[in-house]
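Peer 1: Mind looking at a prediction? Sequence and model below.
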Amino acid sequence: MTKEKSIIKIVKNTIEKYNLIESGDKVLLGVSGGPDSMFMLYALNKLKDKLRFEIAVATFNHKLRREAEEETNFVKLFTEKLGLNFFYGESNVKKIAGEEKITVEEAARKERFNFLFKVKDQHAFNKIALAHNKDDLVETVLYHIVKGSGMEGLIGISPKSFNGIIHPILFIEKRKIEKFLLTHKIPYKTDWTNFSMDYARNRIRHQIIPLITAINESFKDNTASMSDIIREENNFLSKVVEKDKEIISFKENGKVYYSTKIFLSLPRFEQRRIIKKLFGEKKASFERVERILKFLHSKEKKENFYGNLFIFKKDDVFFIDEEKEIPFTTDEEYELDIPDTKFIKEANATIRLYTTNNKNIRELNKNRVVFDLEKLSLPLKVRFRKAGDRIKIENGTKKLQDLFTDAKIPVAERAKVPILVDANDEVLWVIGIRRSALYKVNKKTKTVLIAEVKSEGG
């Protein structure tokens with residue numbers, strides 16, 4: 001068997017083992033022009049007639065790099081040579097990230113998937129193929145471990161994902177892909193940002209994985225096997241949990257109730273999974289789930305989970321409901337000079353701004369923060385929360401709604417929490433709760449701005 005047939009056979013075996021593509025499927029390929037997506041395009045084009053499926057190519061330009069337009073044209077020409085349909089989309093991702101106060105990475109992912117799903121729906125594709133490889137799988141598993149993860153995070157990337165997304169080259173190493181492209185003279189483009197150590201994933205890819213592989217050269221294969229085993233076990237557990245969730249639940253007058261007694265008799269891991277299913281994976285952080293479990297084991301009658309969403313206990317059941325008619329925000333705003341002292345009546349607190357040249361000044365607690373004055377966009381002002389507000393944290397951004405929930409700020413009090421923002425309406429400090437990760441004092445700082453808050457009661 002030639003090397004070409006061998007590596008293409010791995011793709012074919014992956015498709016068949018995980019039932020990724022069936023006869024008659026229409027598959028939209030997300031192709032950037034990089035080595036992985038160009039290999040996927042080549043492989044699926046080779047297999048489409050034998051396995052009786054159709055393919056087309058979609059490319060998305062994030063407008064983040066000067067080379068992006070050239071790469072788009074490269075993919076377009078290559079696709080046309082193969083006689084395939086080509087779809088193009090673009091967005092100014094950096095601008096969208098600023099407008100929505102999310103990271104550039106979050107905005108890029110959101111816009112890219114919106115484009116792919118739009119093309120899929122408009123042109124009757126039933127699958128979207130993405131070119132994640134074995135290195136990406138291993139990197140994702142490690143990234144989840146670093147961030148903190150349960151069983152599902154250790155899967156990394158599944159061959160089949162949500163909404164028809166598939167990963168047909170998931171079990172092929174990147175070095176083998178690049179060697180294949182070189183041998184068969186298949187062109188591709190290199191995105192040099194993939195080598196920047198500014199990104200956590202790149203540090204895992206280029207620094208941590210090589211160190212672990214030096215200890216065990218089978219590390220990538222072992223991690224991929226572990227991912228496969230965990231995925232199968234997780235699928236089984238999910239079915240068990242779904243059945244038990246049905247057993248503990250019942251409907252009465254249109255409302256769903258859950259038996260507290262039966263729920264508490266289940267293993268704790270299953271309790272966690274049921275809570276995550278009830279509230280949704282994205283909102284059910286470990287801290288929130290543990291807080292709800294603590295509540296369900298207590299004598300308390302009500303606990304806030306997220307926003308206006310509460311969990312209530314009554315007799316021997318619990319249920320989820322919203323507390324309504326709570327004001328979302330307060331319309332008042334206060335512009336601040338430097339220096340300045342201003343009483344914020346809605347919060348019953350006084351905020352004071354002043355400067356110093358002492359760069360060793362410390363943030364003693366949540367009621368006193370410091371900023372590099374020269375980096376701030378003035379004037380500063382105090383306002384109250386707005387829909388979609390986010391605060392910059394060390395590893396991305398966080399919704400203020402999540403921040404309030406995690407800090408256990410009662411829903412009724414959130415409209416009165418003052419927020420310090422700059423002239424661009426960037427959240428600098430959720431006063432008394434958390435400082436933004438922006439504009440920190442360092443050795444190059446010339447003038448330090450100190451912001452302090454004091455409640456009327458002291």
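Peer 2: Now that the structure is in, tell me what you want to look at.

Peer 1: Excluding its own residues, what touches stretch 375-389? List them.
Peer 2: With contact meaning CB atoms under 8 Å, 6 or more residues apart in numbering, stretch 375-389 is reached by 100-101, 328-338, 342, 344, 346, 351, 353, 399-401, 414-424, 426-428, 431, 438-439, 449. C-beta: built from backbone N, CA, C; applies to glycine.

Peer 1: redo that, cut-off 7 Å
Peer 2: Stretch 375-389 has contacts (CB atoms under 7 Å, 6 or more residues apart in numbering) with 100-101, 329-330, 332-336, 344, 346, 351, 400, 414-415, 417-424, 427, 439, 449.

Peer 1: What about Asn85, how many residues nearby?
Peer 2: Counted with other CB atoms under 10 Å, the neighbours of Asn85 add up to 14.

Peer 1: any idea how far Ala200 is from it?
Peer 2: Between Asn85 and Ala200 the computed distance is 36 Å (CB to CB, to the nearest Å).

Peer 1: Mind giving me the ChimeraX command for buried ones among the contacts of stretch 375-389?
Peer 2: The ChimeraX command for the buried members of these (criterion: 16 or more other CB atoms under 10 Å) is given here:
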select :101,329,330,334,336,344,351,400,414,417,418,419,420,421,422,427,439,449
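
Peer 1: so of the contacts of stretch 375-389, which ones are in helices?
Peer 2: Of the contacts of stretch 375-389, the ones assigned to helices by DSSP state H are Glu100, Leu400.

Peer 1: In strands only, show me the contacts of stretch 375-389.
Peer 2: Tyr334, Glu335, Leu336, Ile344, Ile351, Ile419, Leu420, Val421, Val427, Leu449 (DSSP state E).

Peer 1: quick one: buried residues of the longest helix along the chain?
Peer 2: Identified as the longest helix of the chain according to DSSP H is helix 219-248. For helix 219-248, burial by neighbour count (16+ other CB under 10 Å) applies to 219-220, 223-224, 227-228, 230-231, 234, 241, 244-245, 248.

Peer 1: again with stretch 90-98
Peer 2: Residues Ser91, Val93, Ile96, Ala97 are the ones in stretch 90-98 that count as buried (16+ other CB under 10 Å).

Peer 1: How many residues are close by Ile166?
Peer 2: Using other CB under 10 Å: Ile166 sits among 22 other residues.

Peer 1: what bridges to it?
Peer 2: Beta bridges link Ile166 to Ala129, Lys160, judged by DSSP bridges.

Peer 1: Sketch out the low-pLDDT regions of the stretch 251-400 of the chain for me.
Peer 2: 307, 323-329, 362-365 (pLDDT under 70).

Peer 1: So which of the buried residues of stretch 90-98 sit within strands?
Peer 2: Reading strands off the buried residues of stretch 90-98, I find no matches (DSSP E).

Peer 1: out of the residues you listed, who's nearest Thr405?
Peer 2: Top of the list for closeness to Thr405, among the buried residues of stretch 90-98 and by CB to CB, is Ala97 at 23.7 Å.

Peer 1: what's the distance between the closest one and Lys381?
Peer 2: Applying CB to CB to Ala97 and Lys381 gives a distance of 23 Å.

Peer 1: Now do the helices in the chain.
Peer 2: Using DSSP H, helices in the chain cover 3-17, 35-51, 68-81, 93-100, 104-122, 134-147, 174-183, 200-203, 209-215, 219-248, 260-265, 268-279, 286-296, 400-406.

Peer 1: Reformat the ones you listed as JSON lines; add distance to Glu322.
Peer 2: Compiled in JSON lines, the helices of the chain are given as follows (distance: least, CB to CB, whole Å):
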{"stretch": "helix 3-17", "distance to Glu322": "44"}
{"stretch": "helix 35-51", "distance to Glu322": "44"}
{"stretch": "helix 68-81", "distance to Glu322": "44"}
{"stretch": "helix 93-100", "distance to Glu322": "25"}
{"stretch": "helix 104-122", "distance to Glu322": "26"}
{"stretch": "helix 134-147", "distance to Glu322": "30"}
{"stretch": "helix 174-183", "distance to Glu322": "47"}
{"stretch": "helix 200-203", "distance to Glu322": "36"}
{"stretch": "helix 209-215", "distance to Glu322": "45"}
{"stretch": "helix 219-248", "distance to Glu322": "21"}
{"stretch": "helix 260-265", "distance to Glu322": "20"}
{"stretch": "helix 268-279", "distance to Glu322": "13"}
{"stretch": "helix 286-296", "distance to Glu322": "16"}
{"stretch": "helix 400-406", "distance to Glu322": "13"}
